[in-house]
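>>> Pasting the sequence and the predicted model now:
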Amino acid sequence: MKEREGEFLSKTVFEVRSDVRIGILAAKTNWKLKRVLHQLKDLAELSTGQVIAFSLKGVKRKQNKVKGYVYWKEKGIWKETTVKMPDAIINRITLTRKWQQFFRELLGTRMINNFTFSKWKMYEWLSTDPTLSKHLPVTQKILTTKDIINFLEQYNEAIIKPINSSFGKGIYKITKQENEYLVEYNSKKQCNSLVFTSEELINYFNNKRINKKYIIQKLINLYIGNHPVDFRLIMVKNGYGEWEDVGLIARKGIKNGVISNSGNLKIGTFALQNLLLIPRFEAIKIRKRLTEISLSAVHYLEKQAGVDANIGNVGIDLAIDCAWNLWIIEINHRNPRHRMAMDAGFSGIYEYSNKLLIDYANLLAINRI
């Protein structure tokens, strides 16, 4: 392994085949598939075999075929067609239990990210491991809005977030202040605040219908200079089926904001050193520890998900509090959106993550042939 721009990368060398079919399950419906096709070109360009993008609507179960779009590399366009079921599939969407069962029975582990889990399910699974549980904020599923009041009686400050959504949508920070509750949330890159009594707080969240759809977490102090900061670790399996740490991206939110993913991006070990104001050797130690914790987490998730479970492409959100404790916030697996590395000015990380993903899909497809 060698260090490049603060990130740990390695070269992947393995068998290349041009007779494999790699599928990208990119949407639930055909109209949505058409809208995201342009986002798949970077990935399709890297394959030596045939790449077909398709939706769940395009799956023809009885014929064992899919209707979608094959990438025509020579012309750089997508062409509508129907082909046999791909040898391996890269999944980018949420799958219901029935679809998970269908693809597992048909492909086994030859679908990358072949199971779906929510923020709550992630907590349930990882909290059963004594080591990983130490890196999880105390979390509870909200069954009734009164659970919010009870939780704040114990912890004073908390974060409320949807079980399934992404992009920082629907997240609230709540602080108990004597007989009142301060509710803060981000909207259009601004931090908004409201003050409620306990009855008003219950009514406010009742109107938002959060019961059984949200979790509440003990607040982790991840603020640096009044800005929320967290870290996205990109991890992808390579052409040998082994995990690689592709890159670490620091995300710094707006001043006094609730979430960090709407702010500035920095990269790697340098970001740790710069944001935490620590020597480089300390930053390298923390960087290594983040990788170790993340590796343990993804291995444990696969184990918990059962036979034929395969996860191979993730973006893990991590945090470091003021006491330098390391926390797992979320594991993004449906479509981790590694393109954020390009926004941080490091297109190489984005390109390398795509290469690894195609290499891994190629490995799974070759094992099928």
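Thanks, I have the structure now. For clarity, every value in this text was computed on a predicted model and none was experimentally measured. Residues are numbered from 1 along each chain as shown.
>>> helix, strand or coil for the closest residue to Asp42 other than its chain neighbours?
In this structure, Asp42 finds its nearest non-sequential neighbour in Asn354, 5.7 Å apart by Cβ to Cβ, 6 or more residues apart in numbering. From N, CA and C alone the C-beta is placed, and that goes for glycine too. Under DSSP: H, G, I helix; E, B strand; the rest coil, the three-state class of Asn354 is helix.
>>> Asn354 - how many residues pack around it?
Residue crowding around Asn354 was assessed by other Cβ atoms under 10 Å; the count is 21.
>>> likewise Lys60?
When neighbours are defined as other Cβ under 10 Å, Lys60 has 12 of them.
>>> Likewise for Thr144?
14.
>>> Also Ala365?
23.
>>> Any buried residues in the helix or strand harbouring it, and which?
Following DSSP states H and E, one finds Ala365 within helix 347-368. Neighbour-count burial for helix 347-368 flags 348-366 (criterion: 16 or more other Cβ atoms under 10 Å).
>>> Quick check: phi and psi on the most centrally placed residue in the chain?
Closest to where the C-alpha atoms of the chain average out (Cα atoms, centre = their mean) is Asn332, at 1.3 Å. The phi/psi pair for Asn332 (degrees, to the nearest 10) reads phi -80, psi 120.
>>> where's it relative to Pro228, distance?
Here Asn332 is placed at a distance of 17 Å from Pro228 (Cβ to Cβ, to the nearest Å).
>>> what does Leu290 give?
Distance from Leu290 to Pro228, by Cβ to Cβ: 17 Å.
>>> okay, these two: which has more neighbours?
Neighbours per residue (other Cβ under 10 Å) separate Leu290 from Pro228, with Pro228 holding more: 26 against 20.
>>> could you give me the average pLDDT of the helix or strand hosting Val66?
Secondary structure assignment for Val66, by DSSP H and E: strand 65-72. Here strand 65-72 scores 97 as its mean pLDDT.
>>> do stretch 287-295 as well
The pLDDT scores in stretch 287-295 average 97.
>>> Show me what the residue nearest to Leu222 when sequence neighbours are not counted bridges to in the sheet.
Spatially, and ignoring its direct neighbours in sequence, Leu222 is nearest to Ala319 (4.3 Å; Cβ to Cβ, 6+ apart). Under the criterion DSSP bridges, Ala319 forms beta bridges with Trp327.
>>> Would you map the helices across this protein?
Applying DSSP state H to the chain gives helices spanning 30-36, 41-44, 97-107, 119-126, 146-155, 198-207, 268-276, 280-305, 340-343, 347-368.
>>> deepest of these, which one?
Mean neighbour count (mean count of other Cβ atoms under 10 Å) peaks for helix 347-368 among these, with a mean of 21.
>>> Dump that helix to PDB, keeping only the CA atoms.
The C-alpha coordinates for helix 347-368 follow below in PDB (Å, rounded to 0.1, in the frame of the first residue of the first chain):
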ATOM      1  CA  SER A 347     -11.300  13.400  -9.300                       C
ATOM      2  CA  GLY A 348      -8.800  10.600  -8.900                       C
ATOM      3  CA  ILE A 349     -10.600   9.200  -5.900                       C
ATOM      4  CA  TYR A 350     -13.900   9.200  -7.800                       C
ATOM      5  CA  GLU A 351     -12.400   7.600 -10.900                       C
ATOM      6  CA  TYR A 352     -10.500   5.000  -8.800                       C
ATOM      7  CA  SER A 353     -13.700   4.000  -6.800                       C
ATOM      8  CA  ASN A 354     -15.500   3.500 -10.200                       C
ATOM      9  CA  LYS A 355     -12.600   1.300 -11.400                       C
ATOM     10  CA  LEU A 356     -12.600  -0.900  -8.300                       C
ATOM     11  CA  LEU A 357     -16.400  -1.300  -8.500                       C
ATOM     12  CA  ILE A 358     -16.200  -2.400 -12.200                       C
ATOM     13  CA  ASP A 359     -13.200  -4.700 -11.400                       C
ATOM     14  CA  TYR A 360     -15.200  -6.300  -8.600                       C
ATOM     15  CA  ALA A 361     -18.300  -6.800 -10.800                       C
ATOM     16  CA  ASN A 362     -16.000  -8.300 -13.400                       C
ATOM     17  CA  LEU A 363     -14.700 -10.800 -10.900                       C
ATOM     18  CA  LEU A 364     -18.200 -11.900  -9.900                       C
ATOM     19  CA  ALA A 365     -19.200 -12.200 -13.600                       C
ATOM     20  CA  ILE A 366     -16.100 -14.300 -14.400                       C
ATOM     21  CA  ASN A 367     -16.900 -16.600 -11.600                       C
ATOM     22  CA  ARG A 368     -20.400 -17.100 -13.200                       C
END
